[in-house]
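> Okay, here's the prediction I keep looking at, along with the sequence it came from:
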Amino acid sequence: MTTMTMARAINEGLRVAMDADSKVVLFGQDIGRLGGVFRVTDGLQKDFGEHRVMDAPLAESGIVGTAIGLAMRGYRPVIEIQFEAFVYPAFDQIVSQVAKMHRRSAGTVRLPMVMRMPYGGGIGAVEHHSESPEAYFVHTAGLRVLTPSDPQSAYLTIQQAIACEDPVIYLEPKRRYWDKGEVDLDTTLGNTGLLSPWRARIMRPGTDVSVIAYGPMVRTCLEAAEAADGVALEVIDLQSLSPLDLATVVESVERTGRAVIVHEASRTAGLGAEIAAQIAERCFYSLEAPVQRVTGYDVPYPASRLEEDFLPDLDRVLTAVDRVMED
Amino acid sequence: MTAETDPVQLLTPEGQRVAHPDYDIDLSPGEMRDLYRRMVMLRRLDVEATALQRQGELGIWASCLGQEAAQVGSAAALRPSDFAFPTYRDHGVALTRGVQPLQILELYRGLTNGGWDPLEKRCGLYTIVIGNQVLHGVGYAMGQSLDGTDDATITYFGDGATAQGDVNEGFVFASVFTAPVVFFCQNNQWAISQPRERQSAVPIHQRATGFGFPGAFVDGNDVLAVMAVTRAALERARSGNGATLIEAYTYRMGAHTTSDDPTRYRMGDEVERWRLRDPIERLKVYLAREGIADRTYFDTIDREADDMAVTLREGVRRLPVPEAVSIFDHVYAEEHSLLHAQRAEFEEYHAGFVDQGVR
């Protein structure tokens, strides 16, 4: 086991994937000499060369669109979008081309590309640097969506995303980039044990309430579980947002009879809505209380001095826990 | 505002071979007859498809009438190992890359959103979102360059697409990465109802300069000039000198699609003027005058086109409608648990109708 930050763990995962396959190329703004604005690609251009780690012009649709061409040529592009809210100029290429090419070509054209982007708030940033756009991508057939929550899951899921034959949106919780954790660098994709691909992880077992989260909110929920008085929370890290690992969620909620879903993104038609609907369809007769959602509000992401009031935190999670325990 | 220069021309509208200071082409009689044949077959496909749409056999058709020389001449300049990224109107490109006419009609009949294996034909699928494919072409060319080959890519688009961000981003990426790509713009004068002047305040080919590569202006109804200019641009790409923007000056003789009514926005005499510049007639006159082809040859090609038309009419009706459950095929390359479950749900639901004889 090695202690490292999540940013470092992604870097190590990229390194493993690039060592294993010379067709893996990184492409994005400021990812070369600078190592990316969050330093996730630090040192990779030096070690792998300018043809494997390419700085791109400042044009997101151009990055995604040309990555499609590179993938058609047999490369496995891993692109970096500098911040999640700058992905919107590329939304057309992602939705109209990346997501549909395999289907349109009857399976003859595969686009094994990874679209990495930091997401989420909590870092006191200016506008367009704190959003959570995951629902747009989960709603789009043809895409897969992964998000790590700690260094160990980051190290493996980035490799898993690159190895996947489908296009993957890889959302990196930026406020957790500098959180440290233990990483087993010897764990390989073929030997993942608890971290099997496209599966959720039960981060902390509990008997009273299933708390379902992903990305930046997993740590918040673990802290809530620690702080909860007399209530045993089971914290689930979804990891894969598309496909959702509903089996793990359903198994847990059937045991606990109570579910709280937590995400930073706005509430309406967010991931929580889908998860709550699935729980209603599959666990209705096991439920002891209505499902609760703890989410961002349906407002534009606020200016940073107000973001603490927008974002779910430990107290809001525990308030929702109290509510499901009342019933 | 810069004035239009004269487009490169090697064959006048009257079928006279003329010299150009920068471009020339030396084709064998067989190669010239082949260009003629390809254009005639393309036009026949286009006319038949329009008729099939009117008969209800196709949902829609995007006619390339009048653009045969631009499409065939440029695609004929490619090597088999090059790659082409066409739009939904570039039937001459698809045919020249070896796509079968019925494969094109499958899309317009609503049986598929693709129709062929792009990697086998080395020809992308028709892209309907305006300009998207230009970036794919640039990226593919970047890959060719990384691979160290001397293959090149050509990407097609129209005058309307030059207003799109993706096309301009494609120009930037091609330029800074010196990608071996040819940007082939068919300026057919009309983006549905909007004239070229509404898309670009300067002549399209002149915009290349600002992006850092040359622009060429060619008579798009002159198949010899189109081929010569495209060959030169491909050669420039192969030798590591990067992109070229070709503006092929042509005209969309038909409607935007079979759903469009061009009489609402353009004058009939404009169409008549362009009829005199017909790309097929001009090559035919030249071939006949030079003794490269005679009446027997032209008749043979017409019969071949007639035969193809019969095959298309019969074949299009026989194209199988895919099984309903196939909507779940190829959405992902790897197993996707939720989609797998929806597919099972769909199959179970439909199995309930089997006793009633409903598919």
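Great, that's in hand.
> OK, contacts around B:Val285?
B:Glu14, B:Gly15 (C-beta atoms under 8 Å, 6 or more residues apart in numbering or on different chains). The C-beta positions use only the backbone N, C-alpha and C, and glycine is treated the same way.
> Next: A:Val114.
Neighbours of A:Val114 in contact, by C-beta under 8 Å, 6+ apart: A:Arg76, A:Pro77, A:Val78, A:Ile79, A:Ile158, A:Ala161, A:Ile162, A:Cys164, A:Pro167, A:Val168, A:Tyr170.
> go again using 6 Å as the cut-off
Neighbour list for A:Val114: A:Val78, A:Ala161, A:Ile162, A:Val168, A:Tyr170 [criterion: C-beta atoms under 6 Å, 6 or more residues apart in numbering or on different chains].
> how close does it sit to A:Gln82?
15 Å (C-beta to C-beta, to the nearest Å).
> Kindly report the same for A:Gln160.
Here the distance between A:Gln160 and A:Gln82 works out to 23 Å (C-beta to C-beta).
> ok, now B:Ser63?
Counting by C-beta to C-beta - B:Ser63 and A:Gln82 are separated by 43 Å.
> if we can go back for a sec, just curious, which of the contacts of A:Val114 is nearest to A:Gln29?
A:Val78 (13.6 Å; C-beta to C-beta).
> Can you check what pLDDT the model gives the closest residue to chain B within the stretch 201-327 of chain A?
Here the stretch 201-327 of chain A gets closest to chain B at one residue, A:Pro243, 4.4 Å apart by C-beta to the nearest C-beta. A:Pro243 is assigned a predicted lDDT (pLDDT) of 95.
> what's the answer for B:Gly357, then?
B:Gly357 is given a pLDDT of 60.
> got it, and B:Glu4?
So B:Glu4 comes in at 60 (pLDDT).
> Next one: the closest residue to B:Arg289 other than its chain neighbours, what pLDDT does it get?
Leaving aside its sequence neighbours, B:Arg289 sits nearest to B:Gly15 (C-beta to C-beta, 6 or more residues apart in numbering or on different chains; 6.4 Å). Looking at B:Gly15, its pLDDT stands at 96.
> If you tally nearby residues, what's the number for B:Gly15?
16 (other C-beta atoms under 10 Å in any protein chain shown).
> and B:Met32, what helix or strand is that in?
Taking DSSP states H and E as the criterion, B:Met32 maps to helix B:29-54.
> Please enumerate the helices of the stretch 51-200 of chain A.
For the stretch 51-200 of chain A, the helices defined by DSSP state H, counting those that start in this stretch cover A:60-72, A:91-92, A:101-104, A:134-138, A:151-163.
> Pull the contacting residues for B:Arg238.
B:Arg238 touches B:Asp150, B:Ala152, counting by C-beta under 6 Å, 6+ apart.
> Try it again at 10 Å.
B:Arg79, B:Asp82, B:Gln144, B:Thr149, B:Asp150, B:Asp151, B:Ala152, B:Pro180 (C-beta atoms under 10 Å, 6 or more residues apart in numbering or on different chains).
> Which ones among the residues you listed also lie next to chain A?
B:Gln144, B:Thr149, B:Asp151 (C-beta under 10 Å from any C-beta of the partner chain).
> Most neighbours of all those residues, which one?
B:Gln144 (24 neighbours).
> Which segments of the chain make up each domain?
In the absence of a named chain, chain A is used. The record's domain parsing of chain A by automatic domain parsing lists A:2-191, A:201-326.
> ah, no, chain B please
B:29-318, B:324-356.
> So which of these is nearest A:Asp19?
Nearest of the domains of chain B (C-beta to C-beta): domain B:29-318, 18.0 Å.
> can you list the residues of the stretch 151-300 of chain A near chain B?
Near chain B, when you scan the stretch 151-300 of chain A using C-beta under 10 Å from any C-beta, you find A:163-167, A:197-199, A:240, A:242-247, A:278.
> if we can go back for a sec, lowest average pLDDT across the helices of the stretch 51-200 of chain A?
Among these, helix A:151-163 scores lowest, at a mean of 95.
> by contact count, what packs against that helix?
strand A:2-5, helix A:6-20, strand A:76-80, strand A:114-119, strand A:144-146, strand A:168-173, strand A:180-183, strand A:201-204 (3 or more C-beta pairs under 10 Å, 6 or more residues apart in numbering or on different chains; DSSP states H and E).
> and with 8 Å instead?
helix A:6-20, strand A:114-119, strand A:144-146, strand A:168-173, strand A:180-183 (3 or more C-beta pairs under 8 Å, 6 or more residues apart in numbering or on different chains; DSSP states H and E).
> most packed of the helices of the stretch 51-200 of chain A?
Ranked by mean neighbour count under mean count of other C-beta atoms under 10 Å in any protein chain shown, those are led by helix A:60-72, which reaches a mean of 28.
> Tell me what angle it forms with strand A:114-119.
150 degrees (axes from the mean of the first three to the mean of the last three C-alpha atoms, to 10 degrees).
> relative orientation of helix A:60-72 and strand A:76-80 in degrees?
Using the same axes, to 10 degrees: helix A:60-72 against strand A:76-80 is 160 degrees.
> what packs against helix A:60-72?
Helix A:60-72 packs on strand A:24-28, strand A:76-80, helix B:132-147, helix B:165-176, going by 3+ C-beta pairs under 8 Å, 6+ apart.
> Quick one: closest of these to B:Ile301.
It is, among these and with distance given as C-beta to C-beta, helix B:132-147, at 31.1 Å.
> could you give the mean pLDDT of the closest one?
98.
> can I assume B:Gln199 is in contact with B:Ala163?
Yes: with contact defined as C-beta atoms under 8 Å, B:Gln199 reaches B:Ala163; the gap is 4.6 Å.
> Where do the strands of the stretch 201-327 of chain A begin and end?
Ranges of strands in the stretch 201-327 of chain A, per DSSP state E, counting those that start in this stretch, are A:201-204, A:209-213, A:233-237, A:240-242, A:259-266, A:292-296.
> returning to what we had before: can you tell me which of the domains of chain B is most buried?
Most buried among the domains of chain B, given mean count of other C-beta under 10 Å as the contact rule, is domain B:29-318, at a mean of 21.
> what's the distance between that domain and the middle of its chain?
3 Å (C-alpha atoms, centre = their mean, to the nearest Å).
> How far does it stretch from one end to the other?
The straight-line separation of the ends of domain B:29-318 (C-alpha to C-alpha, to the nearest Å) is 38 Å.
> cool, stretch B:317-325 as well?
21 Å.
> That stretch - what's its average pLDDT?
96.
> And it, how far out from the chain middle?
Worked out by C-alpha atoms, centre = their mean, stretch B:317-325 lies 26 Å from the chain centre.
> do it and chain A meet at all?
No: figure legend: stretch B:317-325 not in contact with chain A (C-beta under 8 Å from any C-beta of the partner chain); closest approach 9.8 Å.
> thinking again about what came up before, who does the helix holding B:Met32 touch, helix- and strand-wise?
helix B:68-75, helix B:91-96, helix B:101-108, helix B:223-238, helix B:279-289, helix B:295-318.
> Assign a three-state SS to B:Phe217, would you?
The three-state assignment at B:Phe217 reads strand, by DSSP: H, G, I helix; E, B strand; the rest coil.
> Quick check: bridge partners of it?
B:Glu247 (DSSP bridges).
> Residue numbers of the stretch 1-150 of chain A in contact with chain B?
A:25, A:51, A:56-57, A:59, A:61-62, A:64-75, A:89, A:92-93, A:96-97, A:100, A:102-110, A:112, A:141-142, A:144.
> Could you pull up the residues touching the residue lying closest to A:Ile81 once chain neighbours are set aside?
In this structure, A:Ile81 finds its nearest non-sequential neighbour in A:Met117, 4.0 Å apart by C-beta to C-beta, 6+ apart. Counting by C-beta under 8 Å, 6+ apart, A:Met117 makes contact with A:Glu80, A:Ile81, A:Gln82, A:Phe83, A:Glu84, A:Val87, A:Ile169, A:Tyr170, A:Leu171, A:Glu172.
> How many neighbouring residues does the nearest residue to the third one once chain neighbours are set aside have?
Leaving aside its chain neighbours, A:Gln82 sits nearest to A:Gln29 (5.2 Å; criterion: C-beta to C-beta, 6+ apart). Neighbour count of A:Gln29, defined by other C-beta under 10 Å: 20.
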